[in-house]
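J.: requesting a structural model of the entry that follows:
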Amino acid sequence: MHQGDAVVLSGRLAPRGNEPFVYPAVYNARGVFELEGITRERSLSLQNRHVKVHGTIAHVNNGETQRVQLPAVRVESLDTVQSPDATSSSSASPAQ
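T.: Below you'll find the model as predicted:
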């Protein structure tokens, strides 16, 4: 994974961090990815929903700094998807 690479992620969207520094993240088998480019209101409305994100890698933790930083994805589109235990799916409008 390198900055600028196109990426498609599927996983559970949930907030991460502590107030006032909360940001949206997607949790999946590959790890945790910070999402950039969606509003706080939008991320809260999709909290704990399974989503599919299309975007580009904004930055990765390359180990050059002492600060631990999640890989970040600049969101181009975001849709809800059927969770493994759900029986129906819905679609959300693209990222704003």
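
J.: what sits against residue 53?
T.: 7-10, 26, 33, 35, 73, 75, 77-78 (CB atoms under 8 Å, 6 or more residues apart in numbering). In short, each C-beta sits where N, CA and C put it, glycine included.

J.: show the buried residues in the residues you listed.
T.: 7, 9, 26, 33, 35, 73, 75, 78 (16 or more other CB atoms under 10 Å).

J.: give the bridge partners for the second one, please.
T.: The partner list for residue 9 in beta bridges (DSSP bridges) reads residue 53.

J.: where does the prediction get shaky in the chain?
T.: Filtered on pLDDT under 70, the chain yields the residue ranges 62-68, 84-96.

J.: which stretches in it count as strands?
T.: 6-16, 23-28, 31-36, 50-59, 72-80 (DSSP state E).

J.: pretty sure residue 61 contacts residue 70?
T.: Yes. If you go by CB atoms under 8 Å, residue 61 and residue 70 touch, sitting 7.0 Å apart.

J.: those two: which has the busier surroundings?
T.: residue 70 (17 against 12; other CB atoms under 10 Å).

J.: with adjacent residues omitted, what lies nearest to that one?
T.: Spatially, and ignoring its direct neighbours in sequence, residue 70 is nearest to residue 34 (4.4 Å; CB to CB, 6 or more residues apart in numbering).

J.: cool, residue 22 as well?
T.: residue 15 (4.9 Å).

J.: OK, contacts around that neighbour?
T.: 22-25, 43-44, 47.

J.: ChimeraX command for the buried members of those residues?
T.: In ChimeraX syntax, the buried subset of the contacts of residue 15 is picked out as below (16+ other CB under 10 Å):
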select :24,25,43
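
J.: ok, of the contacts of residue 15, which one's closest to residue 54?
T.: Nearest to residue 54 among the contacts of residue 15 is residue 24, at 15.1 Å by CB to CB.
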